[in-house]
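Novice: structure of the sequence below:
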Amino acid sequence: MLFECVKQSGKRMEKWPGRITHLRNYGSHFELNIVSRSSLMVLFGKTSSGFFASMPDFGSGCHLVNPDDIFRNTESLSRVLGKVDGITVATALYTVADKLKVLENPKSLI
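Specialist: Numbers count the residues shown, from 1 in each chain. You can find the predicted model right below:
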């Protein structure tokens, strides 16, 4: 699955391609492999406080809003990954947001 990332800095606009090479639903979370300027494995899921993304290879993670809120997710992800990778992951989540909707109504077992 292909997508395009955009970084706006004043009047300067920078674009780069991204590709989701793997998307797997584990029931409790998703695993995405993203190839762009770098390679990223992202674990994405839902908690009682919203959503989360974990990037184990980078030793980082953060809370997120809905996967289709690219602006707010970019802010959160950029704080833990840097601007370019934050934009890339937020754009990838936005690209597959309809497939991630299964996490929106999880059933509690307790």
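Novice: if you count neighbours, what's buried in the worst-scoring helix or strand of the chain on mean pLDDT?
Specialist: For the chain, using mean pLDDT, DSSP states H and E, the weakest element among its helices and strands is helix 97-100, scoring a mean of 81. In terms of neighbour count (16 or more other Cβ atoms under 10 Å), helix 97-100 has its buried residues at residue 100. (C-beta placed from N, C-alpha, C; glycine too.)
Novice: who are the packing partners of it?
Specialist: For helix 97-100, not one helix or strand is in contact under the criterion 3 or more Cβ pairs under 8 Å, 6 or more residues apart in numbering; DSSP states H and E.
Novice: how does it look with 10 Å?
Specialist: Applying 3 or more Cβ pairs under 10 Å, 6 or more residues apart in numbering; DSSP states H and E, one finds that helix 97-100 contacts strand 12-25, strand 29-35, strand 39-47.
Novice: can you put these in TSV and add mean pLDDT?
Specialist: Listed next are these as TSV, based on pLDDT from 0 to 100:
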stretch	mean pLDDT
strand 12-25	95
strand 29-35	94
strand 39-47	93
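Novice: mean neighbour count and distance to residue 70 for those strands - can I get that in CSV?
Specialist: Output for those, formatted as CSV (neighbours: other Cβ atoms under 10 Å; distance: least, Cβ to Cβ, whole Å):
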stretch, mean neighbour count, distance to residue 70
strand 12-25, 12, 13
strand 29-35, 19, 14
strand 39-47, 17, 14
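Novice: lovely, talk soon.
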